[in-house]
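[1] Mind folding the following:
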Amino acid sequence: MDSLTNPVESPADQIEAKQRFEGKVLKTTLQGALVDIGTKLPAFIHISQVVKDNDPKIPVNSIDEVLKEGDPVQVWVKRVKKDRIELTMIEPLAYEWRDLKPDMILKGKVIRLETFGVFVEIGAERPGLVHISELAHNYIRTPSEVVREGDEVDVKILEVDRRKKQIKLSVKATQEIPEEPVVEKPRKPGKKQKPKKEEVIEEEVIPDPTFMEIALRQAMDRAQQKAPQVESRIRRIKEINTEQDEIIERTLKSKVDQD
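    Reported below is the predicted structural model:
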């Protein structure tokens, strides 16, 4: 906020809370200091709002430890009343709890890295948490792969829990979703057709007969040639036997008749 030094240019009805001024200490008291910020209404800073060495945690026991008459001082408007303007040297929060809404996009500063995510200062009472899954669209193993402490980032409010005083933020929600590269699927290799075997017509090979086979065949041939002679001899033998049987039978019968 630009400093205001001209009372005509800074009427009280245009002064708003959290407005910043470069003022000048007019007078110090036990309770605080009167500061000229260029308004018609007197502007007063209470001792509880005085900061030593830019650290609000350091207690201030006396105004003279920090401010003296004529010193330049940077202040913010804490409250505007009918008869005065209350100031503070403590930089006010950019956002009160009531100001924080889901889907708001803010600028913040990474102040701490953890394995599960990062804490981002957004000007609220407490820093917000960006979970590791909300840091990037692609998978990351650790937050340090995408951010470092001190980095300024754009964040989107996902959720605000006033009771627990927690603010959930997202970095990737402020970024465009990257287009996935088109990856051609590998073609499945087709079944290779086995080359057809040439049909080979094998000619029947008749092996040459061995000596034993030749001898056997010759014997079979001779047997076939002698077969009729053998049959004739067999019939002759049978006839002779029959004749002998008949002779013996007649002889025996004749002998019986003689007796």
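
[2] Could you use CA atoms for every contact and neighbour count after this?
    Will do.

[3] Could I get the full set of strands for this protein?
    20-28, 32-36, 43-46, 72-80, 85-88, 105-114, 117-121, 128-131, 152-161, 166-170 (DSSP state E).

[4] With only the CA atoms kept, save the fifth one in PDB.
    Extracted in PDB, the C-alpha atoms of strand 85-88 (Å, rounded to 0.1, in the frame of the first residue of the first chain):
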ATOM      1  CA  ILE A  85      -7.200   5.300  13.900                       C
ATOM      2  CA  GLU A  86      -5.600   2.400  15.700                       C
ATOM      3  CA  LEU A  87      -2.300   1.200  14.200                       C
ATOM      4  CA  THR A  88       0.000  -1.800  14.400                       C
END
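
[5] mean confidence for it?
    For strand 85-88, the mean per-residue pLDDT is 95.

[6] elements contacting it?
    strand 43-46, strand 72-80 (3 or more Cα pairs under 8 Å, 6 or more residues apart in numbering; DSSP states H and E).

[7] and the strands of the chain as CSV, adding mean neighbour count and distance to residue 146?
    Shown next, in CSV, are the strands of the chain (neighbours: other Cα atoms under 10 Å; distance: least, Cα to Cα, whole Å):
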stretch, mean neighbour count, distance to residue 146
strand 20-28, 20, 35
strand 32-36, 23, 46
strand 43-46, 21, 43
strand 72-80, 19, 36
strand 85-88, 24, 38
strand 105-114, 16, 11
strand 117-121, 23, 11
strand 128-131, 23, 12
strand 152-161, 18, 11
strand 166-170, 23, 13
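
[8] so which of these comes closest to residue 245?
    Closest to residue 245 of the strands of the chain is strand 128-131 (Cα to Cα; 129.8 Å).

[9] quick one on the thing from earlier: looking at the helices and strands packed on strand 85-88, which is nearest to residue 21?
    Across the helices and strands packed on strand 85-88, closest to residue 21 is strand 72-80 (Cα to Cα), at 5.5 Å.

[10] now residue 79: how far from residue 154?
    Distance, residue 79 to residue 154, using Cα to Cα, to the nearest Å: 30 Å.

[11] Residue 93 - how many residues pack around it?
    Neighbourhood size, residue 93 [other Cα atoms under 10 Å]: 13.

[12] mind giving me TSV with the strands of the chain and columns for distance to residue 176?
    Shown next, in TSV, are the strands of the chain (distance: least, Cα to Cα, whole Å):
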stretch	distance to residue 176
strand 20-28	36
strand 32-36	48
strand 43-46	47
strand 72-80	38
strand 85-88	41
strand 105-114	14
strand 117-121	20
strand 128-131	17
strand 152-161	13
strand 166-170	13
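
[13] The ones you listed: which one's closest to residue 237?
    Taking Cα to Cα, strand 128-131 is the member of the strands of the chain nearest to residue 237, at 123.8 Å.

[14] Which strands or helices does that closest one pack on?
    Taking 3+ Cα pairs under 8 Å, 6+ apart as the contact cut, strand 128-131 packs with strand 117-121, strand 166-170.

[15] ok, back up a step: could you dump the helices and strands packed on strand 85-88 to a markdown table with distance to residue 233 and mean pLDDT?
    Output for those, formatted as a markdown table (distance: least, Cα to Cα, whole Å; pLDDT from 0 to 100):
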| stretch | distance to residue 233 | mean pLDDT |
| --- | --- | --- |
| strand 43-46 | 162 | 95 |
| strand 72-80 | 155 | 94 |
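
[16] now these as JSON lines including distance to residue 178?
    Putting those into JSON lines (distance: least, Cα to Cα, whole Å) gives the following:
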{"stretch": "strand 43-46", "distance to residue 178": "52"}
{"stretch": "strand 72-80", "distance to residue 178": "43"}
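
[17] between these, which one is nearest to residue 121?
    strand 72-80 (20.0 Å).

[18] List of residues touching that closest one?
    By Cα atoms under 8 Å, 6 or more residues apart in numbering, the list of residues contacting strand 72-80 from outside reads 12, 15-25, 85-92.

[19] again, only this time at 10 Å
    1, 3, 12-26, 35-37, 41, 43-45, 49-50, 67, 85-92 (Cα atoms under 10 Å, 6 or more residues apart in numbering).
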